[in-house]
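1. Let's see this in three dimensions:
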Amino acid sequence: MAIARQLAAREGRRGRPRQTDLCRAVSAAYYAMFHTLARCGADLIAGATRAGRSQPAWEQTYRALEHGHARNQCRNQSMVSRFPLDIHDFAEHFVNMQLHRQFADYAPITDFDRSRVAYLVDLTERTINLFNGVPTRDRRAFAIYVLFRTRRD
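-> So this is what the prediction gives:
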C-alpha cells in the first residue's frame with residue numbers, strides 16, 4: 001500500500017500527480033487486495049511458515065487464485081453474505097477495485113482525481129486490515145470459496 005500511497009500523493013514532486021501515477025496507484029491498491037487474498041489462501045491451506053509447509057504446495061496455492069473467478073465468487077451475494085461483515089466488505093471492495101484497476105490499466109483516456117485515488121487507497125488499506133482481523137476459520141473458508149470451483153454434479 002505504501003507504493004500506491006506514494007504514487008497518489010506524488011511525494012517529492014511539485015504540482016498535480018500525472019494520470020499515469022494515479023493509474024498506477026489504483027492498480028497497486030487492487031493488487032494489494034489480490035495478493036492479500038492469495039497469501040491468505042496459501043498460508044491457511046498450505047501453511048504460514050516455511051518450516052511448516054511444502055514450499056511448492058504453498059506457491060501452487062498462492063498462484064491458484066484467478067482474477068475472474070475470484071471476482072465472480074465475490075459478486076455472488078447469496079454466498080458472500082454468509083461470511084462475516086468484514087469479509088463481505090472485502091469481497092465487495094475487491095470487485096469494485098478490480099473494475100477501477102481495469103479502467104486504470106486499459107482505458108486509453110483516463111481521468112482519475114487525486115482525492116478519489118487517495119480515498120480508494122485509504123479504503124483499500126482499511127478493508128485489508130479488517131479482513132486480516134477476521135478469525136482464521138472464516139478467512140480459510142473464504143479463501144477456499146474463491147480459490148476452488150464448486151462442482152454441481
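2. got a pLDDT number for the closest residue to residue 63 other than its chain neighbours?
-> The shortest distance from residue 63 to any residue other than its chain neighbours is 7.4 Å, reached at residue 38 (Cβ to Cβ, 6 or more residues apart in numbering). Where C-beta positions appear, they are placed from N, C-alpha and C, glycine not excepted. Residue 38 is assigned a predicted lDDT (pLDDT) of 98.
3. To which secondary structure element is residue 38 assigned?
-> helix 19-46 (DSSP states H and E).
4. what residues are up against the spatially most central residue of the chain?
-> Among the residues of the chain, the one closest to the centroid is residue 33, at 1.7 Å (Cα atoms, centre = their mean). Neighbouring residues of residue 33 by Cβ atoms under 8 Å, 6 or more residues apart in numbering: 90, 93, 94, 97, 124, 127, 128.
5. The worst-scoring helix or strand of the chain on mean pLDDT versus helix 19-46: what angle between them?
-> Sorting the helices and strands of the chain by mean pLDDT, DSSP states H and E puts helix 2-9 at the bottom, at a mean of 74. Relative orientation of helix 2-9 and helix 19-46, computed by axes from the mean of the first three to the mean of the last three Cα atoms, to 10 degrees: 160 degrees.
6. coming back round to it: could you give the separation of the helix holding residue 38 from the chain centroid?
-> 4 Å (Cα atoms, centre = their mean, to the nearest Å).
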